[in-house]
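Trainee: need a 3D model of the sequence below.
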Amino acid sequence: MDLLRSLPLGLYLEQPVTWLHKLDSRVKLIWLMSFLGAPLLANPYCRLALVVLLIVLTVSAAIPLRVWRQQMGWLLTLGIFVFLLTAIAPDGLAVNHQPRLPANELAFQQQPSTLPSPDAQPKPWYNPFNWRLKPSPTTSPIAPTEPKKLNPLPQPTEYRYILFQAGPITVTRRSLDLAVRVSTVLFTLIYSTNLYLLTTAPEEITAGLESLMRPLRRLNLPVTEITLTLTLSLRFIPLVLEEVQNLVRSVYTRAINWKKLGIRKSLQVWLTVAERLLENLLLRAEQIAKAMTVRGFTSPNEHRVQWHQLRLRWCDWLALVSLCLFWLARLTWGGTM
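Mentor: Residues are numbered from 1 along each chain as shown. Coordinates of the predicted model:
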C-alpha cells in the first residue's frame with residue numbers, strides 16, 4: 001500500500017509536461033473559478049456541456065490514460081449512479097390534484113339536491129310501521145342518475161410531466177432535471193479542481209495566489225504570510241500521508257488478531273496509533289520550523305525564494321480570450337430555462 005501514489009485525487013503530474021502545465025497558474029486559477037461558478041443558475045444543457053468540456057480538455061492535453069482513468073473513472077461512475085438514483089427518486093411534488101369543477105357539470109346539476117342513502121329503503125305512506133309487504137314498482141328506490149363519462153379532450157401540446165413510468169419506477173421532468181443538476185455539479189466541482197491540481201505545482205499555486213492578492217496589501221493584510229503558510233501546508237500533506245502509511249504498516253506487520261481483542265481493546269490500539277501519529281506530526285513540524293530558522297527565514301519578507309517567474313505568454317492570452325468567449329456563451333445560451 002503506497003498512499004503517496006495510490007491516492008486518486010490531488011496528485012501533481014510531473015511527466016509528461018502538457019500544454020496545461022505550460023499555462024500560467026493565475027490563468028488556470030481564473031478558469032477554475034469559472035468552472036466553479038458557471039453551473040450556478042444554468043440550464044441542464046449548459047451543465048452537460050461543462051462536463052463534456054472538461055473531458056475534452058483532459059483528452060486534448062494528452063494526459064496519460066493510467067492517470068485520468070483512475071481519477072475520472074470513479075467520478076463518472078459516481079455521477080452516473082447519482083443520476084440514476086435521483087431520477088427514479090420522488091421529486092417532492094407528490095400532490096393529489098383535485099379539480100375545482102366536477103368532470104360532468106351538466107349531469108351534476110341534474111341530480112336531486114338530497115340523494116337518498118343507498119342502504120335505506122323508502123317507507124310508503126300506507127306502511128309507516130314497516131310491515132312486511134311485497135315490494136311494488138312504486139316502492140323501489142330512486143336510482144340516481146350516473147354521470148356520463150366523457151372522452152378526454154385532445155391536448156394542444158405534447159407536454160407530459162411524467163416521462164417514464166413502469167411499476168414503482170417513475171421519472172418526471174422535475175426528477176430528471178434534478179438528477180442532471182446534482183450529477184453534473186458533483187463531477188464539475190471535483191474534477192475541475194483535480195485537473196487544476198494535476199497540472200499545477202504547489203509552488204505555482206501559491207505564487208499565483210500571492211500575485212492576485214497583492215491589492216489586499218493596501219488593507220494591511222499579511223498576504224506574504226498567508227501564501228507562505230499555504231506553501232508549507234501543501235508541502236506538509238505528503239509528510240502526513242507518509243506518517244499514516246508507516247503507522248498502518250507497523251500495525252499490519254504485528255499480525256494482530258482483532259477478533260480476540262474485542263471492540264474495547266481494538267479502540268485502545270487505534271487510539272494509541274492516533275496519539276503516535278499526532279506526536280510524529282508535531283515532531284515533523286518542529287523540525288521544519290528549526291530548519292527555516294537556521295536558514296534565516298526570520299520573517300516572510302526576508303530570504304524569499306522565488307521558484308517561478310510569473311509571466312503571461314501568448315498561450316496565456318489565448319486562454320484569456322477563450323475565457324471571454326466561454327462566459328459570452330454561458331450568459332447567452334446557458335441561462336435557466
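Trainee: helices of the stretch 1-150 of the chain, start to end?
Mentor: Using DSSP state H, counting those that start in this stretch, the helices of the stretch 1-150 of the chain run over 3-6, 19-22, 25-37, 44-60, 65-88, 105-110.
Trainee: what's the angle between the third one and helix 44-60?
Mentor: This means helix 25-37. 150 degrees (axes from the mean of the first three to the mean of the last three CA atoms, to 10 degrees).
Trainee: send me helix 25-37 as CSV with only the CA atoms.
Mentor: Provided in CSV are the C-alpha atoms of helix 25-37 (Å, rounded to 0.1, in the frame of the first residue of the first chain):
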residue,chain,number,x,y,z
SER,A,25,-1.1,29.5,-12.7
ARG,A,26,-3.2,32.7,-12.5
VAL,A,27,-4.9,31.9,-15.8
LYS,A,28,-5.7,28.4,-14.7
LEU,A,29,-7.0,29.7,-11.4
ILE,A,30,-9.3,32.1,-13.2
TRP,A,31,-10.5,29.2,-15.4
LEU,A,32,-11.1,27.1,-12.3
MET,A,33,-13.2,29.8,-10.7
SER,A,34,-15.2,30.0,-13.9
PHE,A,35,-15.9,26.2,-13.9
LEU,A,36,-17.0,26.5,-10.2
GLY,A,37,-19.3,29.5,-10.9
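Trainee: could you report the neighbour count for residue 30?
Mentor: Around residue 30 there are 15 other residues, counting by other CB atoms under 10 Å. C-beta: built from backbone N, CA, C; applies to glycine.
Trainee: pLDDT score for it?
Mentor: On pLDDT, residue 30 comes in at 93.
Trainee: would you agree it is in contact with residue 322?
Mentor: No. Using CB atoms under 8 Å, residue 30 is not in contact with residue 322, being 11.2 Å away.
Trainee: helix/strand/coil for residue 156?
Mentor: Put simply, residue 156 is coil when judged by DSSP: H, G, I helix; E, B strand; the rest coil.
Trainee: contacts made by stretch 200-212 with the rest, please.
Mentor: Residues outside stretch 200-212 that contact it (CB atoms under 8 Å, 6 or more residues apart in numbering) are 12, 21, 24-26, 28-29, 197, 223-224, 226-228, 230-231, 234-235, 306-308, 310.
Trainee: may I see the buried residues of it?
Mentor: 200, 201, 202, 203, 204, 205, 206, 207, 208, 209, 210 (16 or more other CB atoms under 10 Å).
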